[in-house]
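Asks: Here's my sequence, what's the structure:
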Amino acid sequence: MNTVLFVDDEGYMLELMKMNFSKKYNVLTAQSGLEALDVIRKNRVDLVVTDIKMPKMDGMELLKIVRDQFDLPVIIITAFGTIENAVEAIKKGAYDYITKPINLEDLETKIDRSIEYVNIKRENSILRERIKRSSNIITKSEKILKILDKIPQYANLDLPILILGESGTGKELIARAIHDQSSRCTGPFIAVNMSAVPAELFESEFFGYEQGAFTGANSRKIGKFEAANGGTLFLDEIGDMPLEDQAKLLRVLQDFKITRLGSVEERKVDFRLISATNKPLEKMIEEKKFREDLYYRINVIRIEIPPLRERPEDIELLSNYYVNKYAEQMKKSVGISPKAMEMLKSYKWPGNVRELQNVILRAVLNAEGEITAKDLPLEVSGDEITDYKTFLLRKRIERDKLYRQLENQFVSSLLFKAGGNVSKAAEMAKMDRRLLQNMIKHLS
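Replies: Model (predicted):
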């Protein structure tokens, strides 16, 4: 229910507004401009309807503050015969005006129109934010673009979705894009990596518990099912769920009811389930490692994300994107040499986009002006090493170089913030002064 704030120094007018509009809107009142501002600061207000003539702060002054500071529509009430006040108010940003004596039907029409404007504006703002967040998916691959084209359709169906793809292909990004473009976008997006949830903790993590439900339950905890209420529950790596937990999830998906541990009260939950896995669920069903009934419950809409090696056109695009991103964060000017880019494009990327992202991060950290072959890991640069001892030595050198880079960056930044004072820098970092002095000695 939208909230309308009526502002008038005449108490009987405010009572009249309450009587006529309380059934349709949440009505708040104020008898002065100053009181109105206090109400707006403490409540979510969608529309202000204010008289012009009031002591201390008149309606025109209130209009200016409300428009400048709170960006709310304002309807001005003005006396008959002072239409020039209404014209001035419109010029200063009032949404509409009405003259006294007030025709309540006319005022209701104007309020309805203003509230409709507010709701459309809010929806557009949400949509812009969803598009902005969804733009995190960087691609020019036709395969990925086809998936993105279908996201608005998938988002509005509100059915379970199963996303398949290797680790690091961006399954959670797709899930978030679906949530952001759905009617549930204002609700929570709860993401859970199922491989990180121990079987013995599944019920407490997902169903929640009451205080005293078991030893150590010192307070009530809301589970993931309830936390996702009104939004989306994303279960990543669902193929790693133990069979007994799969049965519990299936029961919830059948009636969307849960009971917290230590409680007898059954609670309704309302969430949209999106699952993801890098495992072959059909084969797991044959091997009795995944429930067939749960598979059909979660596999209503199916999305398959191709690995990075099957969309080589994205490698250069993503590489440049991450170079620019990390160079900006580190305040460095970094590019990629043509030879290094060819190495990146030739590599098979078993870890997909996540591996590429990590490789670029390390390369930007190591690079001095331009990323070259020496800034890339051995497996990417293609250096042939058949001797195991040489391999270990090269890996240690690479690791040590990365540590030195990080240490230099940390010490330099710390000394800069402390104005070169070593004692102050050590205190800021909460570390021993002698250790910091030793790090400074090795600063390169």
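
Asks: C-terminal to the one helix or strand V118 maps to, which secondary structure element comes first?
Replies: Per DSSP states H and E, V118 falls inside helix 104-134. Downstream of helix 104-134, the next assigned helix or strand under DSSP H and E is helix 142-157.

Asks: What's the mean pLDDT across that next one?
Replies: What helix 142-157 shows for mean pLDDT is 90.

Asks: Would you mind pulling up the elements that that helix packs against?
Replies: When contacts are defined as 3 or more CB pairs under 8 Å, 6 or more residues apart in numbering; DSSP states H and E, helix 142-157 packs onto helix 171-180, strand 301-304. Backbone N, C-alpha and C define where each C-beta goes, glycine included.

Asks: mind checking how far the next helix or strand after the shortest one is from the chain centre?
Replies: I take that to be strand 301-304. Once strand 301-304 ends, the next helix or strand along the chain (criterion: DSSP H and E) is helix 313-330. From the chain centre to the centre of helix 313-330 is a distance of 21 Å (CA atoms, centre = their mean, to the nearest Å).

Asks: Which elements pack onto helix 313-330?
Replies: Judged by 3+ CB pairs under 8 Å, 6+ apart, helix 313-330 is in contact with strand 335-336, helix 338-346, helix 352-366.

Asks: hmm, who's touching it?
Replies: By CB atoms under 8 Å, 6 or more residues apart in numbering, the residues outside helix 313-330 that reach it are 138-141, 144, 308, 333-336, 341, 344-345, 349, 353, 356-357, 360-361, 363-365, 371, 409.

Asks: Of those residues, grab the buried ones for PyMOL.
Replies: A single PyMOL command selects the buried members of the contacts of helix 313-330 (16 or more other CB atoms under 10 Å):
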select buried, resi 139+141+144+308+334+336+341+344+349+353+356+357+360+361+363+364+365+371
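
Asks: Lowest-scoring secondary structure element of the chain by mean pLDDT?
Replies: Within the chain, no helix or strand scores below helix 388-417, which has a mean of 69 by mean pLDDT, DSSP states H and E.

Asks: right, and the helix or strand after that helix?
Replies: Downstream of helix 388-417, the first helix or strand assigned by DSSP H and E is helix 422-429.

Asks: in that next one, what's buried?
Replies: Residues of helix 422-429 classed as buried by neighbour count (16+ other CB under 10 Å): 425-426, 429.

Asks: can you redo these as CSV with pLDDT and distance to T232?
Replies: Formatted as CSV, these follow (pLDDT from 0 to 100; distance: CB to CB, whole Å):
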residue, pLDDT, distance to T232
A425, 85, 45
A426, 86, 46
A429, 84, 40
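
Asks: closest to I40 among these?
Replies: A429 (44.2 Å; CB to CB).

Asks: Grab the nearest non-local neighbour of that closest one.
Replies: Distances taken as CB to CB, 6 or more residues apart in numbering place L414 nearest to A429, at 5.6 Å, with adjacent residues excluded.

Asks: And for L14?
Replies: T29 (4.2 Å).

Asks: which ones are touching the residue lying closest to G212 once chain neighbours are set aside?
Replies: Nearest residue to G212 in three dimensions, chain neighbours excluded: G262, at 6.3 Å (CB to CB, 6+ apart). Going by CB under 8 Å, 6+ apart, G262 touches 209-214, 217.

Asks: just to revisit the earlier point, between the buried residues of helix 422-429, which is nearest L14?
Replies: A429 (58.9 Å).

Asks: Surely the closest one and L435 touch.
Replies: No. A429 is beyond contact range of L435, at 9.3 Å (criterion: CB atoms under 8 Å).

Asks: that older thread, which of the contacts of G262 tops the neighbour count?
Replies: Y209 (21 neighbours; other CB atoms under 10 Å).

Asks: how much space between that one and G230?
Replies: According to CB to CB, to the nearest Å, Y209 stands 21 Å off from G230.

Asks: so what pLDDT did I385 get?
Replies: pLDDT, I385: 49.

Asks: Just the buried residues of stretch 271-285, please?
Replies: Buried, per 16+ other CB under 10 Å, within stretch 271-285: 271-278, 281, 284-285.

Asks: Mind checking which of those land in helices?
Replies: 281, 284-285 (DSSP state H).

Asks: List the buried residues for stretch 292-307?
Replies: Within stretch 292-307, the residues scored as buried using 16+ other CB under 10 Å are 294-295, 297-298, 301, 303, 305-307.

Asks: let me fix that: stretch 180-197
Replies: Going by 16+ other CB under 10 Å, stretch 180-197 has these buried residues: 180-182, 184-185, 187, 189-192, 194, 197.

Asks: repeat for stretch 227-245
Replies: The neighbour-count check on stretch 227-245 (16+ other CB under 10 Å) flags 227-229, 231-241, 245 as buried.

Asks: re the thing from before, could the helices and strands packed on helix 142-157 go into TSV alongside mean pLDDT and distance to D96?
Replies: Listed next are the helices and strands packed on helix 142-157 as TSV, based on pLDDT from 0 to 100; distance: least, CB to CB, whole Å:
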stretch	mean pLDDT	distance to D96
helix 171-180	93	33
strand 301-304	96	44
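
Asks: Touching, K143 and P306? I think so.
Replies: Yes. K143 lies in contact with P306 (CB under 8 Å); the separation is 5.0 Å.

Asks: So what's the residue count around the closest residue to T259 other than its chain neighbours?
Replies: Nearest non-adjacent residue to T259, counting by CB to CB, 6+ apart: E266, 5.3 Å away. Close neighbours of E266, defined as other CB under 10 Å, add up to 10.

Asks: pretty sure E266 contacts D255?
Replies: No. Using CB under 8 Å, E266 is not in contact with D255; the gap is 9.3 Å.

Asks: For the stretch 201-350 of the chain, which residues score under the pLDDT cut-off?
Replies: Of all residues in the stretch 201-350 of the chain, none has pLDDT under 70.

Asks: and the contacts of G262, which of them are in helices?
Replies: Secondary structure from DSSP H places none of these in helices.

Asks: How is the protein partitioned into domains?
Replies: Domain ranges of the chain: 3-126, 136-306, 310-441, per automatic domain parsing.

Asks: secondary structure element for V48?
Replies: Going by DSSP H and E, V48 is part of strand 47-51.

Asks: could you say what helices and strands that strand packs with?
Replies: Packing contacts for strand 47-51, counted by 3+ CB pairs under 8 Å, 6+ apart, involve strand 3-7, helix 33-42, helix 59-65, strand 74-79, helix 104-134.

Asks: The helix or strand just after the first one versus strand 47-51: what angle between them?
Replies: So the one you mean is strand 3-7. For strand 3-7, the following helix or strand on the C-terminal side (DSSP H and E) is helix 11-21. Relative orientation of helix 11-21 versus strand 47-51 (axes from the mean of the first three to the mean of the last three CA atoms, to 10 degrees): 140 degrees.

Asks: No further questions, thank you.
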